[in-house]
Structure formats: C-alpha cells, structure tokens
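> return a 3D structure for these sequence lines:
(chains A and B)
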Protein chains: 2
Amino acid sequence: MSLAIISPGRNPQVWIDALIFHQPDIDIQIYPDIKRPEDVEMALLWQHPPGYLDTFPNLKLISSLGAGVDHILSDPAVPASMPIVRIVDEKLTWSMTNYVVMGVLNFHRQITRYQADQKRKVWDMSNPEIPVKVGVMGVGALGGDVLDKLNYLGFPVFGFGFTKKDDFPYPYFSKDHLQDFLNEINVLVCLLPLTPETESILDLKFFKKCQTGTYLINVARGKHLVEEDLIPALNQGFLSGAMLDVYRQEPLPDTHPFWEEERIQITPHIASVTNPRAASPQIIENFRRLRSNQPLLNLVDRKKGY
Amino acid sequence: MSLAIISPGRNPQVWIDALIFHQPDIDIQIYPDIKRPEDVEMALLWQHPPGYLDTFPNLKLISSLGAGVDHILSDPAVPASMPIVRIVDEKLTWSMTNYVVMGVLNFHRQITRYQADQKRKVWDMSNPEIPVKVGVMGVGALGGDVLDKLNYLGFPVFGFGFTKKDDFPYPYFSKDHLQDFLNEINVLVCLLPLTPETESILDLKFFKKCQTGTYLINVARGKHLVEEDLIPALNQGFLSGAMLDVYRQEPLPDTHPFWEEERIQITPHIASVTNPRAASPQIIENFRRLRSNQPLLNLVDRKKGY
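Numbering: from 1, shown residues only, chains lettered A, B, ... in the order given. Predicted coordinates:
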C-alpha cells in the first residue's frame, strides 16, 4: 500500500521529508515516476493532470495538499464516490489573517500615499486615516479568523456567505442580501471557496454595486475574479485599489496588465502557504484511518464543494 | 477667566471649534493675538515659544495639546510648581497601535520585497514570511495596547521600560536588562516618553546590541534617535530597515538623507494625531476642576517626566 504525491511543477521534496519525518517506513511514490500504480491507495494532489487518477485501479482516498479542493473537483474523472480530504492547518489560518490585516491597515493608513510622498519629498500631514468598514465574503475557518482579529483591532466588520446563519457573532448577510452587505463596507475581502456558484462572482456588475472607492483584497482563488473587469472598475471609480494574491494563470504571465497597474498590489500566491511539517501528521493519520476503516479527518462535503 | 491656545505654526481653528462645541460660552484667546494676558488661567500648549508663559501673571494650569509633554518640560521658564496635564485619548491609542501593527506586518510579510518584485515582473514564492518577535520599549497606555494587539494576533511580544514591574502580562525587562531584551527580539518599537534618560537612546552603540537585521519602528519622539547613526547601523547590518514617524526637525528638511533611503519608510508624524473633538471634553473638565479646586485629570508626574 503506497501513497502517491502528484504535484506537477512543484518540488515535492519538502513533503517527502516531512512525511518520512513523521512515519519513517511510509511507502511514497512520486509523479511522474510511479512504478507500481496498483499499490497506490491514497493520492496527495496539487493541480494533477486531469484524468490521471485513472492510472490507479486501487485508489481509495484523495487528499488535497492545501485547504482548497477546487483543483480536484474540477476533474470530471474523479469518481463521485471517492472520498476527498483537505488540509486544515492553524498556521495557514494565521498567515492568511496576517496578510489580510496587513492589506486592510495599508489601505486604512495609506502606505502607498506615504511611499509616493517620500519619493517626491512631500510632507503632508492632512487626513492621515481613511475610515474603513471591512466585509469578508466567506466566513469559514479563514474568514472567521479574519473577522475576529479585525474586530479585536477595533474595526467594524461584516460577513457574507451563501448559507443562512443564526447567531453569527458579527452582522451577517446571506446571498439574497449582497447589496445590503456592500452598502455597509468599503473594504471587501474575498475568502470564498471556489464553487460553480462563486466562480467569476467578482465582475463589473458586482463592482458597480460597491460603494465608490471600495478596496478589494482577493486571497481566495483567481477564478473568483473576472480579471479583465478589474482595471475598468478602478477607472470608473467603483474600486480605489486592490491587493491580489491569486490569479487565473499562475505564475502571472509577463504580459498581464496587473504587473504595471499601480493601484493593484500583487503578491505571488503567498498569502498562506501550507506548511508540510505542520500538515503531514494529518495526512499520515488519514492514511492510517483509511487502512483501519475509521472516520476520516477533514472530509470534504462534495455537495458544498469544500 | 480665559483659556489661551498657543500652538505656533498650526491652525488652531479645529481646537476652537471643538472647545466651543462642548462649552459655547468659553472665553478663548489665541496666540499671537492675546489681548488680555492677565485673564489667562489655563494655557493649551504645542511647541510654544520658550519663556512665553511669563506673559501670564495669573496662569494656574498648563495642558499639552497631545499625549507628550516634553515640549513643555524642556522650557526652563515653566515653574516647577505649575501643574501640567496631558491628553489621554483612546482614539490616539487606537491609531498608534494600527500604525505599529502595520509596520510589523509589512516587515513580517515583506511588502517592500513584493513591491520591488512587481516592478521587475518577478514571481518568487520562496520564503514568504520573516519570523518576528516584537519588543516594545515603553509600556504605558500606548505600548501596552501595542503589546495586547500583537499578542492577540499571535506574535511573541516583549516589553522594556525604565522601572521594575511585577505581574506584567508579557515578558518584561527593566533598564539593567537591555541586552537580554534585545537578544529576544528582531522588531524594535520605540514608544518611550522623552526624558533626559531616554533622549538619544537609539544610537550606534545601542544598535550594535541588537540582533543582526533588527527592524526599527520609532513612533515616540525624534530626539530618541541619533539620526546620523541610523544609516551606518543599516549599512553595518545591525538593522535591516526602519519605519519612522518622528524626526529631530519637522517637517523633515529636504536635504535630509532619510528621504532617499529605500530601507527607511518615513511618514510625516501621522502615526497618531490627537482628535480635538475627542480631547476637548478633558480640557474643559480640567478647566472646570481648576475653577472649583478639584483634583485634575491626567496630571503629569514632573519627576518621571510624563
């Protein structure tokens, strides 16, 4: 019984080292050098070639190498009955929240304005703060932590999601109340899971519903954003700026207009990176549970898509 | 009985409006047009001309227009027996903490690195976080709030001050243990009051005691820093960067080398600005207490210097 790692274009060595550190006798096979596909019962995936899983006649469990599973669910060759688990990592939540809080504070305290003033040797003390009210779309483990931290820092916060929620600790809007949600806020954080319902949600029609000058932070998935609508939304004033960590194509192509747009701060998908050392015990525990037929950890609900 | 506002070079109108809003019949005189100096019993000061208070034969109380009182205590013409009060404003604390948290997160998540990468169209996902341990010098109302917020965000925090403290909620080092404090941290936040003991504390000798690559955030007073020692400390690697909000001369002169130093982020003394609307009730309450001989609010301890 072996574990396959299939993450084309990424160096799998840190995962191999971390898994072996936690279970020295584990049998790991690495894509594309998988010699005994019939032995593979669990596959660790990150952007695998679609259809490739047909190679494994005895596959019983798929694990994402991150928190997201959209890269798995988008492959129609993945059987509907195949259990899928994902990584839940406190460090991942911590990093994501720090990134978002940084983005909110840089907008609130206008870091790019002061950087430009420094270059021009301008001393301008006027209006040092932009008042902010922060809306978080997607209020799961990640969005919930962002709300908690910003609330503790003293910012007004609002949540939005596709399901109804009772007793949510902050003002919360479900999908029929998107306009009410957007009326409350001037910083918008996208932390939605990527599902057919949320794909391309951030388009020009959506931005037109925002308060003038809203600031966008997208740390979920590139496919949430209709990229060609972003610069028009900035030019038309619906948005005043954006901080993006994810893109439809990664690495972002050299010719992409986001590189040269000063109102957009881009980072190379580093808001939150799964830590192999921290995540390996969950993977090994699920491998063990699979063999002993016990309930799996962090099982994905296929209907919800996360 | 009247109140004098003496803040040369600043527009006093926002203060006048705020004070009148809270007490419409208040008698205010504004420097330099003070016609009835003998009526002045309370003076609101921000960088008044030294010796000028001798103009007021019946002065009974001085109030700073901000949290700091070093600009008052540095004038030898201020009688030792004259009570001095200062502004304590939650909004001021809130702004200061947001500024410091922004500085810590921008160092931790390397915002300037990603800005430079964007300019050069470089996609580099390696090492997205610099581990940080934050030391705060000065653990009064401002420093204490910075420690609380960074601790809640999950960062290791350490305090330093000139007095001994028992039962401090975080690891705390008093003045004889400066080296132990600096050994623990790689981000240094200066929030000390400006006193003869703390003036020029941040000099090359001090920076040599820091861990290699420590990041400096000075939001206290310009005179805490020996400015000509900062670039040498960066060049010699004791420090890796700095964010400064205060300077020996403000506005920072055009010829000052900080403007053009990329490792130094400068802002024009906007980390925390006293809000006249929020501060006026304290001033009016002290004016009232002065007249009715009641204990004053936020009285400065002249021996401590704050």
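
> what about A:V104, how many neighbours?
Residues near A:V104, counting by other C-beta atoms under 10 Å in any protein chain shown, number 26. Quick note: C-beta positions are derived from backbone N, CA and C, even for glycine.

> wasn't it part of a helix?
Yes - judged by DSSP: H, G, I helix; E, B strand; the rest coil, A:V104 forms part of a helix.

> helix or strand right after the helix or strand containing A:F207?
Secondary-structure element containing A:F207, defined by DSSP states H and E: helix A:204-208. Next along the chain after helix A:204-208, taking DSSP H and E as the criterion, comes strand A:214-218.

> is chain B contacted by that next one?
No - Strand A:214-218 does not reach chain B (C-beta under 8 Å from any C-beta of the partner chain); its nearest approach is 13.0 Å.

> just stretch A:112-128 next, same as before
Yes - using C-beta under 8 Å from any C-beta, we find that stretch A:112-128 touches chain B at A:Y114, A:Q115, A:D117, A:Q118, A:K121, A:W123, A:D124, A:M125, A:P128.

> if we can go back for a sec, what lies in contact with the helix holding A:F207?
For helix A:204-208, contacts defined as C-beta atoms under 8 Å, 6 or more residues apart in numbering or on different chains pick out A:T214, A:V226, A:D229, A:P232, A:A233, A:F238, A:L239.

> which residue packs closest to the second one, ignoring adjacent ones?
The spatial neighbour of A:V226 that comes closest, neighbours along the chain excluded (C-beta to C-beta, 6 or more residues apart in numbering or on different chains), is A:D203 at 4.0 Å.

> closest one of the contacts of helix A:204-208 to B:I28?
Nearest to B:I28 among the contacts of helix A:204-208: A:T214, at 40.8 Å, using C-beta to C-beta.

> got the contact list for that closest one?
Shown in contact with A:T214 (C-beta under 8 Å, 6+ apart): A:L182, A:I185, A:N186, A:V187, A:L188, A:F207, A:F238, A:L239, A:S240.

> again with A:P76
By C-beta under 8 Å, 6+ apart, the contact list for A:P76 reads A:P50.

> now the helices for the stretch 101-250 of chain A?
Applying DSSP state H, counting those that start in this stretch to the stretch 101-250 of chain A gives helices spanning A:111-119, A:141-152, A:178-184, A:204-208, A:230-235.

> could these go into a markdown table alongside mean pLDDT and distance to B:K60?
A markdown table is the format used below for the helices of the stretch 101-250 of chain A (pLDDT from 0 to 100; distance: least, C-beta to C-beta, whole Å):
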| stretch | mean pLDDT | distance to B:K60 |
| --- | --- | --- |
| helix A:111-119 | 98 | 41 |
| helix A:141-152 | 96 | 42 |
| helix A:178-184 | 98 | 48 |
| helix A:204-208 | 98 | 59 |
| helix A:230-235 | 98 | 56 |
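
> what residues does chain A put near chain B?
Taking C-beta under 8 Å from any C-beta as the criterion, chain A approaches chain B at residues A:94-95, A:97-99, A:101-102, A:105-106, A:108-109, A:111, A:114-115, A:117-118, A:121, A:123-125, A:128-129, A:149, A:152-154, A:250-252, A:254, A:259, A:265-270, A:273.

> buried subset of these as a ChimeraX selection?
Buried subset of the residues of chain A next to chain B, written as a ChimeraX selection, criterion 16 or more other C-beta atoms under 10 Å in any protein chain shown:
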select /A:94,95,97,98,99,101,102,105,106,108,109,111,114,115,117,118,123,128,129,149,153,252,259,265,266,267,268,269,270,273
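
> could you identify the most distant pair in the contacts of helix A:204-208?
A:T214 and A:V226 (15.9 Å).

> surely A:L44 is in a strand?
Yes - counting by three-state DSSP, A:L44 is located in a strand.

> quickly note the distance from it to A:R86.
11 Å (C-beta to C-beta, to the nearest Å).

> show me which of these two is the more surrounded one.
When A:L44 and A:R86 are compared for neighbours, A:L44 comes out ahead with 26 against 22, by other C-beta under 10 Å.

> and that one, what does it touch?
So, once contact is read as C-beta under 8 Å, 6+ apart, A:L44 ends up touching A:L3, A:A4, A:I5, A:I6, A:S7, A:W15, A:S63, A:S64, A:L65, A:I283.

> top of those residues by neighbour count?
Greatest neighbour count in the contacts of A:L44, by other C-beta under 10 Å, goes to A:S63: 28 neighbours.

> so it is in which element?
In this structure, A:S63 sits in strand A:61-64 according to DSSP H and E.

> tell me which strands that strand pairs with, and in which orientation.
Using DSSP bridges, the strands paired with strand A:61-64 in its sheet are strand A:40-45 (parallel), strand A:84-85 (parallel).

> what's the most buried one of these?
Across these, averaging neighbours per residue (mean count of other C-beta atoms under 10 Å in any protein chain shown) puts strand A:40-45 on top, at a mean of 22.

> got the CA positions of that one in CSV?
C-alpha atoms of strand A:40-45 as CSV (Å, rounded to 0.1, in the frame of the first residue of the first chain):
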residue,chain,number,x,y,z
VAL,A,40,-1.4,3.3,-4.6
GLU,A,41,-4.4,3.6,-2.3
MET,A,42,-4.1,7.3,-1.3
ALA,A,43,-3.1,10.2,-3.6
LEU,A,44,-1.9,13.7,-2.5
LEU,A,45,-2.8,16.1,-5.2
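
> check the offset of that strand from the chain's centre.
On the basis of C-alpha atoms, centre = their mean, to the nearest Å, strand A:40-45 sits 22 Å off its chain's mean C-alpha point.

> how about stretch A:9-21?
On the basis of C-alpha atoms, centre = their mean, stretch A:9-21 sits 21 Å off its chain's mean C-alpha point.

> buried residues in that stretch?
Using 16+ other C-beta under 10 Å as the burial criterion, the residues of stretch A:9-21 that qualify are A:P12, A:W15, A:I16, A:A18, A:L19.

> which ones are touching the last one?
For A:L19, the contacting residues are A:L3, A:I26, A:I28, A:P276, A:S280, A:I283, A:I284, taking C-beta under 8 Å, 6+ apart as the criterion.

> from B:L153, how far off is A:F287?
Here A:F287 is placed at a distance of 34 Å from B:L153 (C-beta to C-beta).

> wait, what's in contact with the residue most central in space within chain A?
For chain A, the residue nearest the mean C-alpha position is A:A220 (3.2 Å; C-alpha atoms, centre = their mean). Residues in contact with A:A220 (C-beta under 8 Å, 6+ apart) are A:G138, A:C190, A:L191, A:L192, A:P193, A:L194, A:V246.

> kindly report the same for A:L61.
Contacts of A:L61 (C-beta under 8 Å, 6+ apart): A:E41, A:M42, A:A43, A:M82, A:P83, A:I84, A:V85, A:N286, A:F287, A:L290, A:L296.

> test my guess that the fifth one contacts A:N298.
No - the criterion here is C-beta atoms under 8 Å, and A:P83 misses it with A:N298 at 10.7 Å.

> which of the contacts of A:T214 ranks first by neighbour count?
Neighbour max across the contacts of A:T214 (other C-beta under 10 Å) = A:V187, 27 neighbours.

> quick check, that residue in contact with A:P131.
No - with contacts counted by C-beta under 8 Å, A:V187 stays clear of A:P131, the gap being 10.3 Å.

> which among the contacts of A:L44 gets closest to chain B?
Checking the contacts of A:L44 against chain B with C-beta to the nearest C-beta, the nearest one is A:S7 at 13.4 Å.

> surely the closest one touches A:G66?
No - between A:S7 and A:G66 there is no contact under C-beta under 8 Å: 9.9 Å.
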